[in-house]
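Trainee: Predicted coordinates and the sequence they were generated for:
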Amino acid sequence: MSVMTERTTRSFAKVFFGGAPWRRVASAGVLFALGFGSPRLSLAAPKHRGAAPPADATTPSTTESVEQSVVLEDEDDSSDDDEKKKPAKPAKPKTKEAEDETSNGSVPAKDEASSDDASSATEKTACSSDADCGTGKSCKDDACVAASPGGTAPVVWLTVGLSQDIAFVSGSDVCTEQSQLSSFTCLRASGSQYHGTPVAGAGDSIGFSPALGGTRVTLASYLPLSKKLSAGLRLGYAFAGQGPTPDGGRSYLPVQAEAQAAYWLSSEAFATSAPGVFVEASAGLQEVDGKRTTTVQENTAVPPPATQIDNPPEQTLDVYRKTGNGFVGAGVGGFVPFGRAFGLLADLRLGVFFPTSGVALSLNISAALGL
């Protein structure tokens, strides 16, 4: 056997005995086709009946083609063997904590935290006010929910505003000496107090009607106590509408001090998401003097006082009805929010005054600032 045939045989033997199974089957087929399995075929060069082929023919012989294919397959086998010889990457060892969690069947901490977050998102804590909820939460519809991005609701509201008193005045023989010693004060056109003697039943009376009282500037603070209740303290000072000081009587009290409790008919006290309505009860210190006019006829049968001998037979007098200085009252009000910390507060209160009896309304409108 020639040298070429021996090399080819060794290559086929290496592939057949050392290669993969599919390579063995392919090698056996090639050997059979080349004559190793059949006496009719031979690896020798074919005999030509005619002239010999030219020496520079480029067509490779059958033996050379088989040798080249065997060499390529040998290289492929070498690369496959190299890949098989490469060591496999070791598996990452489990930590002791992971082994314990696997053996105990427990859920990892991350999964537990995720489940806790999911459960806390669905569960809502019952509450009656924002104070019952933690930081970053507010009470809405009896449940704690996440507060708005603007922050939590204000815990106290400060207001500054104006208040107008409206007294209800009535009486008969209001300018007599007895009436002026109790609750009325009658002033003449000159501004001095009237000390004459009016004719009884001839005028000198006032029908039940409203009369403007004092106009005040007010400062107040309000504290939401719960979802439905709030408490407040209001101070005021009357800069207009002050009643006169009667001769020998007490002077007008311009200061107002009032404590208030309110029950909110809306969703909650001082809600910043929607307007609110409330009813209130209050008590404090306040004087309201209402002004009306009346006409009197002078009783000439009675000698005039020495200090007032110029009273005409008939004249029109300004009449002030003094009430207070204490009061209790009830009313209604409303709050309109403008954002999280601003709003407009208004309330109308009906007060009953003592010890000088009387009834009066007080209308207050204020700008509110939440803190």
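Mentor: Happy to help now that I have it. It should be emphasised that the depicted structure is a prediction, and the values quoted were computed from it without experimental measurement.
Trainee: Could you look up the SS state of Ile309?
Mentor: Three-state call for Ile309 (DSSP: H, G, I helix; E, B strand; the rest coil): coil.
Trainee: Could you list the low-confidence segments of the protein?
Mentor: 1-124, 136, 147-151 (pLDDT under 70).
Trainee: Would you state the helices of it in chain order?
Mentor: Remark: helices assigned in the chain by DSSP state H are 3-18, 21-34, 62-85, 96-104, 109-122, 177-182.
Trainee: Next, work out how far apart the closest residue to Ala220 other than its chain neighbours and Tyr222 are.
Mentor: Spatial nearest neighbour of Ala220, excluding adjacent residues (Cβ to Cβ, 6 or more residues apart in numbering): Arg234 at 3.8 Å. (C-beta placed from N, C-alpha, C; glycine too.) Taking Cβ to Cβ, to the nearest Å as the measure, Arg234 falls 9 Å from Tyr222.
Trainee: Find residues that contact each of the two.
Mentor: Common neighbours of Arg234 and Tyr222 (criterion: Cβ atoms under 8 Å, 6 or more residues apart in numbering): Gln260.
Trainee: re earlier: Glu258 is in contact with the residue nearest to Ala220, correct?
Mentor: Yes - between Arg234 and Glu258 there is a contact under Cβ atoms under 8 Å: 4.5 Å.
Trainee: what residues are shared contacts of these two?
Mentor: Gly284.
Trainee: I'd assumed Leu158 was in contact with Ala220.
Mentor: Yes - at 7.4 Å, Ala220 and Leu158 qualify as touching, with contact defined as Cβ under 8 Å.
Trainee: Neighbour count for the two, which is higher?
Mentor: Set Ala220 next to Leu158 and count neighbours by other Cβ atoms under 10 Å: Ala220 wins out with 22 against 15.
Trainee: how about the more buried one, what does it touch?
Mentor: Ala220 neighbours (Cβ under 8 Å, 6+ apart): Leu158, Thr159, Val160, Gly161, Gly232, Leu233, Arg234, Leu235, Ser366.
Trainee: Wait, the third one touches Leu219, no?
Mentor: What that stands for is Val160. Yes - if you go by Cβ under 8 Å, Val160 and Leu219 touch, sitting 5.7 Å apart.
Trainee: any residues in contact with both of the two?
Mentor: Joint contacts of Val160 and Leu219 (Cβ under 8 Å, 6+ apart) do not exist.
Trainee: Once you drop chain neighbours, what's closest to Gly324?
Mentor: Using Cβ to Cβ, 6+ apart, the closest residue to Gly324 is Glu287 (3.7 Å).
Trainee: which phi and psi does the one you found have?
Mentor: The phi and psi values for Glu287, taken as degrees, to the nearest 10, are phi -120, psi 140.
Trainee: quick one, strands of the stretch 201-350 of the chain?
Mentor: In the stretch 201-350 of the chain, the strands defined using DSSP state E, counting those that start in this stretch lie at 205-224, 229-240, 255-264, 276-285, 288-298, 314-337, 342-356.
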